[in-house]
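> model this:
(one chain, ligands or ions: 2)
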Amino acid sequence: RPAATPGSAHSARTTTAITHISTLVTNDPSLGEGPLGLIQDAALVIDGDRIAWVGVTSKAPATDSHLDAAGQAVIPGFVDSHSHLVFAGDRTAEFSARMSGRPYTAGGIRTTVAATRAASDEQLEANLLRYLREAARQGTTTLETKSGYGLTPHDEARALRVAAAHTEETTFLGAHIVAPEFADDPAGYVDLVTGPMLDACAPYARWVDVFCEKGAFDRDQAHAILSAGKARGLTPRVHANQLTYGPGVQLAVELDAASADHCTHLTDADVDALASGDTVATLLPGAEFSTRAKWPDARRLLDAGATVALSTDCNPGSSFTSSMPFCIALAVRDMGMTPDEAVWAATAGGARALRRDDVGYLRPGSRADLALLDAPSPVHLAYRPGVPLVTAVWRGGQRV
Ligand code: NIG
Ligand code: FE
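Numbering: from 1, shown residues only. Ligands and ions are numbered 1, 2, ... in the order given. Coordinates of the predicted model:
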């Protein structure tokens with residue numbers, strides 16, 4: 001592990017240099033080689049919460065303190081643009097049953113809804129913090145998370161209130177499934193979601209999401225919910241085409257959603273829509289891994305010109321992993337991505353899916369969100385699956 005050498009700090013805002021980085025991923029092609037903007041034997045300077053300088057070590061400016069990365073790689077912190085971390089309990093029994101042959105359905109969500117409603121705010125927050133810390137240790141520095149296990153105005157709003165205390169990227173997913181009390185009245189549930197629930201949740205959310213799928217919400221219902229969210233200033237993102245072919249992707253592009261998530265079952269028209277619009281295709285390989293489903297075809301999307309992001313989908317039902325490196329390894333092994341494409345998708349791609357340009361890059365002005373890898377290059381994230389390569393993480397210039 002590199003040791004910090006304290007310098008003379010005169011101002012409150014100190015500058016820190018990290019030098020002798022074997023490979024620095026800037027994600028800015030104007031700063032280095034290839035689409036990842038790679039700089040070899042690199043250095044970077046952190047000034048307060050921002051990156052002030054990147055370049056080769058021999059040209060690094062003097063700073064207050066200095067850290068020698070001794071041949072390790074540095075990447076932008078991962079941007080996990082899709083998770084469901086406000087919940088209680090787990091679904092171990094469902095997972096075991098699935099691994100002995102039972103299929104995954106949206107119905108399991110009800111188990112987590114019951115546990116979440118029964119939990120206190122303090123329990124929900126403690127659970128969220130546990131997974132946020134777990135993600136941070138693995139290099140995640142920006143994390144979106146959703147409601148969706150409350151399904152009442154009160155329970156959805158408290159989920160988002162708890163989440164908003166810890167991340168700016170909060171998503172209202174009251175339309176995860178039809179609440180059990182409305183099993184015989186789905187139209188009534190859509191009215192609740194677009195009315196009182198949205199009123200209660202909008203102050204704590206940046207995004208609105210719908211699970212547009214058989215067993216959840218159809219095209220018209222999803223359209224109504226996303227449009228109502230939009231009218232309240234929330235930007236859409238959609239759980240689309242996960243379990244079967246369906247209208248989710250086309251709807252996402254039509255409504256200029258920031259992202260269509262899952263994209264497992266796509267027609268050529270879906271791929272064309274993603275390639276021509278601004279909607280990012282967010283692939284969630286942890287879900288296919290944990291539900292033994294077919295892999296999303298990242299290669300097909302990339303070759304068509306779509307923007308691809310990778311995220312964990314961390315949730316207790318379909319994908320209980322908080323590990324972006326694990327998702328990178330799966331995407332490279334099974335979804336046709338190159339190691340460089342997967343690293344981009346897990347950093348800059350996630351930022352694009354959250355319509356952010358202050359994170360996902362390491363260039364002057366970026367937030368100083370970065371991960372140090374105990375490996376000479378970012379290729380090792382896929383090359384050494386399951387190995388905890390992230391050895392240090394900075395968020396907003398602070399070591400976490
Ligand atoms: O993204 N697809 C819908 N929602 C989650 C699963 C939630 C659950 O099973 O609890 C997902 O896979
Ligand atoms: Fe999800």
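> Can you name the residue of this structure nearest to ligand 1?
Of the residues in the chain, the one nearest ligand 1 is Gly317, at a distance of 2.2 Å by Cβ to the nearest ligand atom. Placement of C-beta: from N, CA and C, glycine included.
> where's that residue, which helix or strand?
When elements are assigned from DSSP states H and E, Gly317 belongs to no helix and no strand.
> Up against ligand 1, what does the stretch 201-350 of the chain have?
Proximity of the stretch 201-350 of the chain to ligand 1 (Cβ under 6 Å from any ligand atom) is limited to residues 211, 239, 242, 287, 313, 315-319.
> swap the cut-off to 5 Å and go again
By the rule Cβ under 5 Å from any ligand atom, the part of the stretch 201-350 of the chain lying against ligand 1 is 211, 239, 287, 313, 315, 317-318.
> likewise the stretch 51-200 of the chain?
Going by Cβ under 5 Å from any ligand atom, the residues of the stretch 51-200 of the chain near ligand 1 are Ile109.
> how about low-confidence regions in the stretch 1-150 of the chain?
1-12 (pLDDT under 70).
> got the contact list for Asp218?
Counting by Cβ atoms under 8 Å, 6 or more residues apart in numbering, Asp218 makes contact with 212, 247.
> swap the cut-off to 10 Å and go again
186, 190, 210, 212, 246-248 (Cβ atoms under 10 Å, 6 or more residues apart in numbering).
> again with Asp261
Asp261 neighbours (Cβ under 10 Å, 6+ apart): 81-82, 209, 211, 237-242, 248-249, 252, 280-284, 287, 309, 311, 313, 353.
> What ranges does the stretch 51-200 of the chain have for its strands?
Along the stretch 51-200 of the chain, the segments classed as strands by DSSP state E, counting those that start in this stretch run 65-68, 73-76, 78-80, 140-143, 145-146, 170-175.
> Can you report how many residues lie near the nearest residue to the residue of the chain closest to ligand 1 once chain neighbours are set aside?
Closest residue in space to Gly317, ignoring its immediate chain neighbours: Gly108 at 4.8 Å, by Cβ to Cβ, 6 or more residues apart in numbering. Other residues lying near Gly108 total 20 when counted by other Cβ atoms under 10 Å.
> related to what we said a few turns ago, the residue of the chain closest to ligand 1 reaches Ala115, doesn't it?
No - using Cβ atoms under 10 Å as the test, Gly317 is too far from Ala115 to be in contact (11.4 Å).
> Who has more neighbours out of the two?
Gly317 (26 against 17).
> residues contacting the more buried one?
Counting by Cβ under 10 Å, 6+ apart, Gly317 has contacts 84, 87, 90-91, 94-95, 98, 104-112, 149, 287, 290-291.
> Which PyMOL command selects the buried ones in these?
Per 16 or more other Cβ atoms under 10 Å, the buried members of those correspond to this PyMOL selection:
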select buried, resi 84+87+91+94+95+98+104+105+106+108+109+110+111+112+149+287+290+291
